[in-house]
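Asker: Output the structure for:
(chains A and B)
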Amino acid sequence: MEIKENIHAAPAVSHDHGHGHDDHHDHHQSFWTKYVFSTDHKMISKQFLITAIFMAFLAMGMSMIFRLQLSWPNHPFPFLESIIGKWGKGGVLDSGFYLALVTIHGTIMVFFVLTGGLSGTFSNLLIPLQVGARDMASGFLNMLSFWFFFASSIVMFASIFIEAGPASGGWTIYPPLSALPQAIPGSGLGMTMWLVSMVLFIVSALLGGINYIATVINLRTKGMSMTRLPLTVWAFMITAILGVLSFPVLVAAALLLVFDRSMGTSFYLSDIFIGGVPLDQVGGSPILFQHLFWFLGHPEVYIVLLPALGLSSEIISTMSRKPIFGYKAMIGSMLVIAFLSFIVWGHHMFVTGMNPFLGSVFVFTTLLVAIPSAVKVFNYIATVWKANIILSPAMMFAIGLVSFFITGGLTGIILGDSALDINLHDTYFVVAHFHIVMGSSAFFGMFAGVYHWFPRMFGRMMNKTLGYFHFWTTLICVYAVFFPMHFIGLAGVPRRYYTNTAYEGWDGLININELITVFALLAGVAQLIFAFNFFYSMFKGPKAPQNPWRSNTLEWTAPVEHLHGNWPGEIPEVHRWPYDYSKPGAKEDFIPQTVPASETPESNRPGDH
Amino acid sequence: MNLLLIIAVLLGVLVTARLLNVVQLASSLSGEDKDETQARHDKWNGIGMMTFMIAGLGLMIYMTLKYQPFMLPEAASKHGKETDFLLNINFAVIGIVFFITQIALFWFVYKYRHSASRRAYFYPENMKLEMLWTIIPTIVLSALIITGLSSWNRITNDVNKGDGMVVQVYGYQFNWITRYAGADNMLGKSNFRLIADDNPLGVDVSDPAAADDIMTKANEMYIPVGQPILFEFDSRDVLHSAYFPHFRAQMNCVPGMTTRFYMEPTITTAQMREITGNEKFDYVLVCNKICGVAHYTMKMKVVVVEQAEFDSWLKGERPVVPAPEVVPAQNNQIDNTVDNNEAANAAV
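Answerer: Numbering: from 1, shown residues only, chains lettered A, B, ... in the order given. Okay, here's the model as predicted:
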């Protein structure tokens, strides 16, 4: 209701009376409706971002604690006891809590930071602003989406404090381990809270996703055809479609797991003898869970990655002052990746006892993903070739993303090859692979997005020097942390081991483990610099100009002061695609989408769209 | 290692120093022309990108050489030699792509830094180029898919050959038990409801096939060299994964479902001790699927010996179905493994 009112009210206010407009709203927008139960997509995007930043620091802190154990096994760090209490008796991390940390670290990073934080922040901020809409298709559902996300974050956070500890069967929660509290303490109340939290999270993801899709399809401004959409919007829409199709399957998997845990069914359980007694549940299969889980789990990888690729496409083109190379090929490759992502899930299951023939089908589809990915990489490189590059912090992070995407993507070719996966499955090689290609790439995309659109979010600029410092320390640390993990994996060290010295043959690797931990700690310090820069600039940063990066897209035509409804007057009309940078003959090196062809006779060329 | 650390620290110091430099520049320039500040940023960060790329690639090569000795030694199984060869080919292919793309990326970023006097080259698309870098990866990947799959099919089809000596590997929290099929090369049936202190595998002793089955006493597994072995994996409680890093073999143990893996060890433990120059070297079987708090302790020594030695070792192990005259008092498998569970019990 309120949205409608605003939408109708907004056009009545002219440019000159922008402040009057704000005042007008202040008087029936209390603190609660403006900052808490907001239906404005810009505020919701900030809510997502700030929640995700807190969750990211939590998950990063956890990784530092378990890195200490991995490089200095059983060495007492007295401060641990003061942080984690009984789980760190005498300063030595408990082996069960180690698994809990690994589990919650993975869950938070994958879902709460890189899914909720990335899509939630940037889809919300950019979809309405870049397609030229007053707000999301449904502001109310959008608000619900955030609040489900927030509730799910609270449940996940709370699960850390329960007596038996949080879920600890790994972020993939494979049953029977996750189904049987007798098997691991974390599979008691902790696992229940994990499942509750994830179901809330999925509700949030679905509400968000449906909204994003509806907005892109229905609320594009005049002239904004699908082939004039910025690649960010394409990426967000494809991501939302992936989420809407795959997340419900995780609900199904979780629901069956709940039945197995609490109601005595046996979807995933069979022939189990534990705690000195045989269980009554027979006839189920743990493999079924894996199929259901990875049917979401694999598209999830692209749910994490595609928005980051979309953000970086936009940033690389803008800061290179050059059109993105192969706009249509970029869209096409995203569509192909999205399609393939649904038929590759079995590559997580080559050695689970799945039929080897089925395995070979998945090898085929998996390695096919490398083709559209290669196209994307080559297109990025072609975009920076003969460009005129402004190295803003956002651009640096976008370049970092491409570098990680190459490094991590290439090792995927090895892991996707079932014959090679036999030996590398579940080793540190896998840890290295996905932390680089999914974790670091997506994180760099997110950082790039924050630096680039911070002025759009908060009307202020972030400090560049701190931004560069953040970039360089993070880039170096991330490579130093994850690249050496390939060596550990090739030495055959399994992941999720409490000590990497369980077998004598791995003792020689302790130096690498120390190196990794030192750089991981440094990386953590670098993130504090980012947090400082972020929160400081939010209040004290210099005021942002209207279009700080001289960008073509619509969001930079909306006033710096936020209005509910985005544009004070008419919504601008779109006349061209978003990548007219350095067009020969043009007066400036950019032509915003709102400039009609009739105003640029000097630079029009055949085939413009 | 120390050298590596020094290089890494130096790199860090260099970057920090350079950044502090930029901080000072920026503050001294504040109020001056903004474009000029950005031009300095572009220049120094461009140089930084180039430096990072060269130093990074150099360190990568250095580390790969340096850590070569810590990687898995020579594959000790027939199929392992094949997959190792395949792995090296894959590494060569992705290595080439890696170097070309990373160098191009960082070099272009350095080379095409912003200049106010220049415009970027307006180059939105080129169908031929797009086709080129769609088709070439397709061809390369096809080759990798074909070689990978033919290897995979051979490895997994061997399970059905029927010539392997059947060995059961049974996982439970947090240890392994091995059972040999005996002369008939058939394992006796088992049922999880029959599991008891003196029957840890739940073997159905009324099954004739179980009569000659032999279970190992201690926490170790012997296998003969040059003899194909068909592993049958089972689990009592949760998922485990039987991972033999040196044989490049791995298969999950799934409760309620028997999984199989066929392989032929080619190097005895004694020979491997010579190859590695480590007289204490032992093959190992580790659990590679998170299975509980003591997951990391779940391992078993694997000993590869000549056939004759294997035969005499097997004679000393106990049959699953106890002969009446033998008193099986000291052969309680569960008792034998209690020590290995200490960590688990302490943690619980």
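Asker: Can you name the residues that contact residue A:160?
Answerer: A:104, A:166 (C-beta atoms under 8 Å, 6 or more residues apart in numbering or on different chains). Using the backbone N, CA and C atoms, a C-beta is placed for each residue, glycine as well.
Asker: mind running it again at 10 Å?
Answerer: Counting by C-beta atoms under 10 Å, 6 or more residues apart in numbering or on different chains, residue A:160 touches A:58, A:62, A:84, A:87, A:97, A:100, A:101, A:104, A:166, A:190, A:193.
Asker: filter these to the buried ones?
Answerer: A:58, A:62, A:84, A:87, A:97, A:100, A:101, A:104, A:166, A:190, A:193 (16 or more other C-beta atoms under 10 Å in any protein chain shown).
Asker: now the strands: where do they sit in chain A?
Answerer: Taking DSSP state E to define them, one finds strands in chain A at A:273-274, A:277-278.
Asker: Give me the phi and psi angles of the spatially most central residue of chain B.
Answerer: Computing the C-alpha centroid of chain B and ranking residues by C-alpha atoms, centre = their mean puts residue B:245 first, at 6.1 Å. As for residue B:245, its main-chain torsions (degrees, to the nearest 10) stand at phi -60, psi -40.
Asker: Run a quick check on it versus residue B:288, I expect a contact.
Answerer: Yes: in this structure residue B:245 lies within contact range of residue B:288 using C-beta atoms under 10 Å: 8.9 Å.
Asker: list the residues that contact both of those two?
Answerer: A:427, A:492, A:493, A:494.
Asker: out of those residues, which touch chain B?
Answerer: Checking those against chain B by C-beta under 10 Å from any C-beta of the partner chain, the ones in range are A:427, A:492, A:493, A:494.
Asker: Top of these by number of neighbours, please.
Answerer: residue A:494 (30 neighbours; other C-beta atoms under 10 Å in any protein chain shown).
Asker: and residue B:106, which of the three is it?
Answerer: Three-state call for residue B:106 (DSSP: H, G, I helix; E, B strand; the rest coil): helix.
Asker: how close does it get to residue A:519?
Answerer: Residue B:106 is 20 Å from residue A:519, where distance means C-beta to C-beta, to the nearest Å.
Asker: got a list of what residue 152 touches?
Answerer: Went with chain A since none was named. A:111-112, A:116, A:196-205.
Asker: That was the other one, I meant chain B.
Answerer: By C-beta under 10 Å, 6+ apart, the residues touching residue B:152 are A:350, A:356-357, A:359-360, A:363, A:417-422, B:79, B:83, B:86.
Asker: which non-adjacent residue is nearest the most centrally placed residue in chain A?
Answerer: Using C-alpha atoms, centre = their mean, the residue of chain A that lies closest to the mean C-alpha position is residue A:114, 2.2 Å off. With sequence-adjacent residues excluded and distances taken as C-beta to C-beta, 6 or more residues apart in numbering or on different chains, residue A:114 is closest to residue A:304, at 4.3 Å.
Asker: Same question for residue A:583.
Answerer: residue A:603 (4.5 Å).
Asker: now do residue A:434
Answerer: residue A:408 (7.2 Å).
Asker: Report how many residues lie close to the one you found.
Answerer: Residue A:408 has 22 neighbours, counted by other C-beta under 10 Å.
Asker: isn't it right up against residue A:439?
Answerer: Yes: counting by C-beta under 10 Å, residue A:408 does reach residue A:439; the two are 8.5 Å apart.
Asker: Please enumerate the shared neighbours of the two.
Answerer: Residues touching both residue A:408 and residue A:439 (C-beta under 10 Å, 6+ apart): A:305, A:433, A:482.
Asker: if we can go back for a sec, ok, now which ones touch the residue nearest to residue A:583?
Answerer: Counting by C-beta under 10 Å, 6+ apart, residue A:603 makes contact with A:580, A:582, A:583, A:584, A:585, A:586, A:587, A:588, A:591, A:595, A:597, B:122.
Asker: mind running it again at 7 Å?
Answerer: Residues near residue A:603 by C-beta atoms under 7 Å, 6 or more residues apart in numbering or on different chains: A:583, A:584, A:585, A:586.
Asker: go on, residue A:91?
Answerer: Here residue A:91 is in contact with A:76, A:77, A:78, A:80, A:81 (C-beta under 7 Å, 6+ apart).
Asker: For residue B:200, report the pLDDT, please.
Answerer: Looking at residue B:200, its pLDDT reads 89.
Asker: my guess is it contacts residue B:178, does it?
Answerer: No: if you go by C-beta atoms under 7 Å, residue B:200 and residue B:178 don't touch, sitting 11.3 Å apart.
Asker: list residues touching both of these two?
Answerer: In contact with both residue B:200 and residue B:178: no residue, using C-beta under 7 Å, 6+ apart.
Asker: need the strands for the stretch 101-250 of chain B, in chain order.
Answerer: With strands called from DSSP state E, counting those that start in this stretch, the stretch 101-250 of chain B shows them at B:165-172, B:175-180, B:214-215, B:220-224, B:229-235, B:240-244, B:249-253.
Asker: To chain A, which of the ones you listed lies closest?
Answerer: Closest approach to chain A among those is made by strand B:249-253 (4.6 Å; C-beta to the nearest C-beta).
Asker: Next one: the closest residue to chain B within the stretch 201-350 of chain A relative to residue B:274, how far apart?
Answerer: Going by C-beta to the nearest C-beta, chain B is nearest to residue A:270 of the stretch 201-350 of chain A, at 3.0 Å. Distance of residue A:270 to residue B:274, computed by C-beta to C-beta: 45 Å.
Asker: more crowded one of the two?
Answerer: Neighbours were counted for residue A:270 and for residue B:274 using other C-beta under 10 Å; residue A:270 has more, 19 against 12.
Asker: Ramachandran angles for that one?
Answerer: phi -160, psi 140.
Asker: Nearest spatial neighbour of it, chain-adjacent residues omitted?
Answerer: Excluding the flanking residues, the one nearest residue A:270 by C-beta to C-beta, 6+ apart is residue B:256, at 3.0 Å.
Asker: pLDDT wise, what is the one you found at?
Answerer: Confidence at residue B:256, expressed as pLDDT, is 91.
Asker: isn't it right next to residue A:268, touching?
Answerer: No: counting by C-beta under 7 Å, residue B:256 stays clear of residue A:268, with 9.6 Å between them.
Asker: what residues are shared contacts of these two?
Answerer: With C-beta under 7 Å, 6+ apart as the test, residue B:256 and residue A:268 both reach residue A:285.
Asker: Scan chain A for its longest helix.
Answerer: helix A:286-320 (DSSP state H).
Asker: Looking at the ones next to chain B among the shared contacts of residue B:245 and residue B:288, which two lie furthest apart in space?
Answerer: A:492 and A:494 (7.7 Å; C-beta to C-beta).
Asker: what do the two both touch?
Answerer: Contacts common to residue A:492 and residue A:494, judged by C-beta under 7 Å, 6+ apart, are residue A:427.
Asker: got any ranges where chain B has weak pLDDT?
Answerer: B:1-7, B:9-10, B:13-14, B:16-35, B:322-348 (pLDDT under 70).
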